[in-house]
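S.K.: Need a 3D model of the following:
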Amino acid sequence: IEFTERLIVFSDEGQSAVFGSPVLSPKTVEAPVISSYRCLRDLSPVRLGQSVFFAESNGEFAQVREYFPGDERQQVQDFLVTTAVPRLVPGSVRKLIAGSVHQMVAALSDSANEVIVYQFQRPDQSLVQASWTRWTFPEAEILDAGFIRDELFLLIVRSGRTYLEKIQLGVGRSDSGEDFALRADRLAVPTTATYDLNSDTTAWVMPYGVTSEDNVVLIAGSTGDIPFGSEILVDSMVTGFPISTIKARGDLTGQSVYVGLRYNAKVVMSKATPKLELREGRTALLGGSTTIRHLLLNLTSTGYLKATTTYVDGESSVDEFLDGVVGVGSLESTEVRDGLFKIPIHADPDEFQTTLENDSPLPSTLVSGAWGTRFNSRNRIR
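M.R.: The predicted structure is shown next:
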């Protein structure tokens, strides 16, 4: 693969840089070894911007490394991008895919219903932010995937049928000119509504077939009396292929709707490690008895977020960030807002785990957060 005026040649035991000076010829060719990583021999490296990503074997799991230009011309630096998640990428990874617009690399493995995604920001050769995410598609098999500009296309099998689907990526995306994008897998607009007076139900024909096992969600669009983004209770469904029918109570022929499959976005918070700031930017672990009192999250453009804290004794507590008005088992208003979400914990850092989840059609945007702690300051720092 080409990289900084050279070719990087990968073998399963080492990597070499091929170049020539002043031009590449049989007499000037050089191929010094630049690293000796055990690459997965059937997995092609990918180039993204000025970086090259490749995977190496690590037992049952794979490690992903990044080559990027050094400070000097012809210099190559490498970085282990899976340092924080050594047990995330399976050793059976079969393809790496680089986004052409976003700083994103996706990995496909033999776990055919998931895509593992790495996103990063490296504006000036300095890594300022990075994240790993697992996208799971229940009851589906991903045959292949690829980026075209700012869209990720999936060749995916659902219920024995093969579909070409796309995921729109990037900031600023919204639906029908609204302030936020609806959250549903396979989001689509069904056909014109038909009202039946005898049963007092409105029926829509879905643009694709589903089974009784699919968790179908009906969402209000921007036209009509129901607020945009509200869930509409599904009265009944007629499943099948190639099309299915979905029904809801009342005359909703004047209401625009979307249909899709419900999905859950989940973040498991890492362990809180209280430290004390010393001079010259140094830190030290707090000694003695330390208690995490709460987790305070700064949210923006959020309609719903649930926090579940599980303790070592098996007990758990649930807290919800709602948009201000709560009905019986449903949200009465779909206005998204900014705010602080305080999650009480009161436990030792080693005795709990907090999970953030959102399975609603409403968005949730986490900007920042902070742990509130209590400790005995007279105890010595270890």
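S.K.: can you count the residues close to Ser159?
M.R.: 15 (other C-beta atoms under 10 Å). All C-beta atoms are positioned from the backbone trio N, CA, C, and that covers glycine.
S.K.: Equivalent analysis for Thr253, please.
M.R.: By other C-beta under 10 Å, neighbour count at Thr253 equals 12.
S.K.: Tell me which residues touch the closest residue to it other than its chain neighbours, please.
M.R.: Counting by C-beta to C-beta, 6 or more residues apart in numbering, Thr253 lies nearest to Ala193, which is 4.6 Å off, once chain neighbours are set aside. Going by C-beta atoms under 8 Å, 6 or more residues apart in numbering, Ala193 touches Thr202, Ala203, Trp204, Leu252, Thr253, Gln255, Val257.
S.K.: Check Ala193 and give its pLDDT.
M.R.: Looking at Ala193, its pLDDT is 94.
S.K.: separation between it and Val234?
M.R.: Look at Ala193 and Val234: by C-beta to C-beta, to the nearest Å, they are 14 Å apart.
S.K.: Show me where the stretch 201-350 of the chain dips below the pLDDT cut-off.
M.R.: 281, 283-288, 323-334 (pLDDT under 70).
S.K.: At which residues are the strands of the stretch 201-350 of the chain located?
M.R.: 201-205, 216-220, 231-232, 236-238, 245-249, 257-261, 265-268, 275-277, 283-285, 290-302, 305-311, 316-321, 337-347 (DSSP state E, counting those that start in this stretch).
S.K.: Just name the most buried of those strands.
M.R.: strand 216-220 (a mean of 23; mean count of other C-beta atoms under 10 Å).
S.K.: what angle do that one and strand 257-261 make?
M.R.: Using axes from the mean of the first three to the mean of the last three C-alpha atoms, to 10 degrees, the inter-axis angle of strand 216-220 relative to strand 257-261 is 150 degrees.
S.K.: Could I get the contacting residues of the residue nearest the centre of the chain?
M.R.: Centroid check for the chain by C-alpha atoms, centre = their mean gives Thr133 as the closest residue, at 4.2 Å. With contacts defined as C-beta under 8 Å, 6+ apart, the neighbours of Thr133 are Ile116, Val117, Gln119.
S.K.: Are any of those buried, and if so which?
M.R.: Neighbour-count burial (16 or more other C-beta atoms under 10 Å) applied to the contacts of Thr133 gives Ile116, Val117, Gln119.
S.K.: Save the residues you listed as CSV, and put in secondary structure and pLDDT too.
M.R.: Shown next, in CSV, are these (DSSP: H, G, I helix; E, B strand; the rest coil; pLDDT from 0 to 100):
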residue, secondary structure, pLDDT
Ile116, strand, 95
Val117, strand, 94
Gln119, strand, 90
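S.K.: circling back to that earlier point, ok, which of the strands of the stretch 201-350 of the chain comes nearest Val9?
M.R.: strand 265-268 (39.3 Å; C-beta to C-beta).
S.K.: Quick one: distance of the closest one to the chain centre.
M.R.: Using C-alpha atoms, centre = their mean, to the nearest Å, the mean C-alpha position of strand 265-268 is found 9 Å from that of the whole chain.
S.K.: export it as PDB, just CAs?
M.R.: C-alpha atoms of strand 265-268 as PDB (Å, rounded to 0.1, in the frame of the first residue of the first chain):
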ATOM      1  CA  ALA A 265     -27.600   2.700  22.100                       C
ATOM      2  CA  LYS A 266     -25.600   1.800  25.200                       C
ATOM      3  CA  VAL A 267     -22.500   3.200  26.900                       C
ATOM      4  CA  VAL A 268     -20.900   1.300  29.800                       C
END
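S.K.: ok so, going back, what's the spacing between the residue nearest to Thr253 and Tyr208?
M.R.: 17 Å.
S.K.: Repeat that for Val105.
M.R.: Relative to Tyr208, Val105 is positioned 29 Å away (C-beta to C-beta).
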